[in-house]
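J.: Following is a predicted model, sequence given first.
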Amino acid sequence: MLEIYYRIWVSLFIKARFAQKGDINLSLFFSLMALTVTNFINVLLVLTILSLSGIKINIFQVLPENGIIQITTICLAFLIPNYLLLIHNKKYQVLLNRYENINDKNMGMRYFLLSNIAFLILIILTIIFPDFFGLTKN
């Protein structure tokens, strides 16, 4: 499973490196942020589905009095593991050597787009069919 994750990140890194004209530092930053945001969206999608199915989830009760600290804390929960898995001790060089030549260059973009499309579909369905999700007051 981790191999697929690495291949997705390498794909995102290759796209970012091409867009940044070879700047490694900016490519690392943008690929790490894209993967972190996509992970956050995927977890948010699962939490939304669980919440709409009637399961009570209070993930946003982390430091509820300060919204900026709350968002930062939640984002760090995704950013730190990504950093440790992909960049710490220059692991990105090993990953690039291993996966760059065998990588499907669109794998990361597909992951990013499908994650966002799935979340948008859920939002649209919730707007169109609020009764189905129990969002209307009787």
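T.: Nice, thanks for sending it over.
J.: Show the contacting residues for the residue sitting nearest the centre point of the chain.
T.: Closest to where the C-alpha atoms of the chain average out (CA atoms, centre = their mean) is T38, at 1.8 Å. T38 sits next to 111-112, 115-116 when contact means CB atoms under 8 Å, 6 or more residues apart in numbering. For the C-beta atoms, the positions are set from N, CA and C on the backbone; glycine is no exception.
J.: Just the buried residues from the residues you listed, in PyMOL please.
T.: Under the burial definition 16 or more other CB atoms under 10 Å, those of these that qualify are selected in PyMOL by:
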select buried, resi 111+112+115
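J.: just the contacts of T38 now: which is nearest I57?
T.: Nearest to I57 among the contacts of T38 is S115, at 19.2 Å by CB to CB.
J.: Quick check, pLDDT for that closest one.
T.: Per-residue pLDDT puts S115 at 93.
J.: okay but it is in contact with L44, surely?
T.: No. Using CB atoms under 8 Å, S115 makes no contact with L44, being 9.7 Å away.
J.: Counting neighbours, what do you get for F30?
T.: Burial of F30 is recorded as 18 neighbouring residues (other CB atoms under 10 Å).
J.: Please name the nearest non-neighbouring residue to it.
T.: In space, and not counting its chain neighbours, F30 is closest to A16: 4.3 Å by CB to CB, 6 or more residues apart in numbering.
J.: Show me what the strand or helix carrying that neighbour is packed against.
T.: In the assignment (DSSP states H and E), A16 maps to helix 2-19. Counting by 3 or more CB pairs under 8 Å, 6 or more residues apart in numbering; DSSP states H and E, the packing neighbours recorded for helix 2-19 are helix 24-52, helix 67-86, helix 91-99, helix 107-128.
J.: All set, thanks.
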